[in-house]
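>>> what would the 3D arrangement of this be:
(2 chains)
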Amino acid sequence: NAGVMQNPRHLVRRRGQEARLRCSPVKGHSHVYWYRQLPEEGLKFMVYLQKENIIDESGMPKERFSAEFPKEGPSILRIQQVVRGDSAAYFCASSPGQGGGEKLFFGSGTQLSVL
Amino acid sequence: RKEVEQDPGPFNVPEGATVAFNCTYSNSASQSFFWYRQDCRKEPKLLMSVYSSGNEDGRFTAQLNRASQYISLLIRDSKLSDSATYLCVVNHPGGFKTIFGAGTRLFVKA
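Model prediction:
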């Protein structure tokens, strides 16, 4: 499967713990996007990264959330000290270019549940 | 005002019906427009791009009205398998910030 791989598919955390979500883009894609989808809502843009650079993080909450896309390895979305309101589906997408009109390839998402 | 707005529905239609969804966007400089489909909170999948001249793909027709800043999707001869949430998607100027609408839910019944 050469598509976008996200893991884990389901993640359960207790309040105050850390959540780490991983995303491996399509091979050869250097652009990664993270989206969050709350129940009964659409996808909300969080952050756009290229290898080793954060290009746009205007959708990221100011505290507790961080993202990286290192030179080697998957992109990581990290949520520190999770709260119940962080429970959502987190989708990662990749594209070969800057995403200006190009198709986004989505992973299957990580469902985060905070107890 | 939301950057991309859609009627959440749900639209309940019988098989064979024609159904249309509209979507409005707030940024007049937006460059690219798409319709995505999402099933049961799985990952969104591209349904079709939307071009200024309008475009058709089988039973699906998409239209863009830049002057009024809205996009439409028309589905003819609805099938049960068309039941899904349809997401209107707009690319910001600069291209890299893709904004999704909240989606319109469609239920096609036998």
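>>> flag the shaky bits of chain A, pLDDT-wise.
A:1, A:98-102 (pLDDT under 70).
>>> get me the contact residues on it for chain B.
Proximity of chain A to chain B, by C-beta under 8 Å from any C-beta of the partner chain, involves residues A:31, A:33, A:35, A:37, A:41-45, A:48, A:55-56, A:58, A:89, A:91, A:98-101, A:103-104, A:106-109. In short, each C-beta sits where N, CA and C put it, glycine included.
>>> repeat that with 7 Å
The interface of chain A toward chain B, taken as C-beta under 7 Å from any C-beta of the partner chain, is made up of A:33, A:41-43, A:45, A:48, A:55-56, A:89, A:91, A:98-101, A:103-104, A:106-109.
>>> where does pLDDT dip in chain B?
B:93-96.
>>> residues in chain B within reach of chain A, list them.
Proximity of chain B to chain A (C-beta under 7 Å from any C-beta) is limited to residues B:31-32, B:41-44, B:46, B:87, B:91, B:95-103.
>>> in strands only, show me those.
The strands, defined by DSSP state E, take in B:32, B:46, B:87, B:91, B:98-100 from the residues of chain B next to chain A.
>>> buried members of those into PyMOL, please.
Restricted to buried positions by 16 or more other C-beta atoms under 10 Å in any protein chain shown, the PyMOL selection for these reads:
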select buried, chain B and resi 32+87+91+98+99+100
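>>> of the ones in strands among the residues of chain B next to chain A, which pair is most distant in space?
Greatest spatial distance among these (C-beta to C-beta): B:Leu46 and B:Ile99, at 15.0 Å.
>>> which members of the residues of chain A next to chain B are classed as buried?
Counted by 16+ other C-beta under 10 Å, those give A:33, A:42-43, A:45, A:48, A:55-56, A:89, A:91, A:98-100, A:104, A:106-109 as buried.
>>> any idea which element the residue nearest to the spatial centre of chain A lies in?
Centroid check for chain A by C-alpha atoms, centre = their mean gives A:Trp34 as the closest residue, at 3.6 Å. Secondary structure assigned from DSSP states H and E places A:Trp34 in strand A:31-37.
>>> beyond that strand, next helix or strand please.
Counting by DSSP H and E, what follows strand A:31-37 is strand A:43-50.
>>> CA atoms of that next one as PDB?
The C-alpha trace of strand A:43-50 is given here as PDB (Å, rounded to 0.1, in the frame of the first residue of the first chain):
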ATOM      1  CA  LEU A  43     -12.400  19.000   8.700                       C
ATOM      2  CA  LYS A  44     -10.500  21.900  10.300                       C
ATOM      3  CA  PHE A  45      -7.000  22.700   8.900                       C
ATOM      4  CA  MET A  46      -4.400  22.600  11.600                       C
ATOM      5  CA  VAL A  47      -0.900  22.700  10.100                       C
ATOM      6  CA  TYR A  48       1.000  22.400   6.800                       C
ATOM      7  CA  LEU A  49       4.600  21.100   6.800                       C
ATOM      8  CA  GLN A  50       7.300  20.500   4.400                       C
END
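>>> just checking: what are the partner strands of the next helix or strand along the chain from that strand?
Using DSSP H and E, the next helix or strand after strand A:43-50 towards the C-terminus is strand A:53-56. Strand A:53-56 has the following strand partners under DSSP bridges: strand A:43-50 (antiparallel).
>>> who touches the strand it pairs with?
Identification of contacts with strand A:43-50 by C-beta atoms under 7 Å, 6 or more residues apart in numbering or on different chains yields A:30-37, A:54-57, A:59-60, A:67, A:69, A:75, A:91, B:44, B:96-100.
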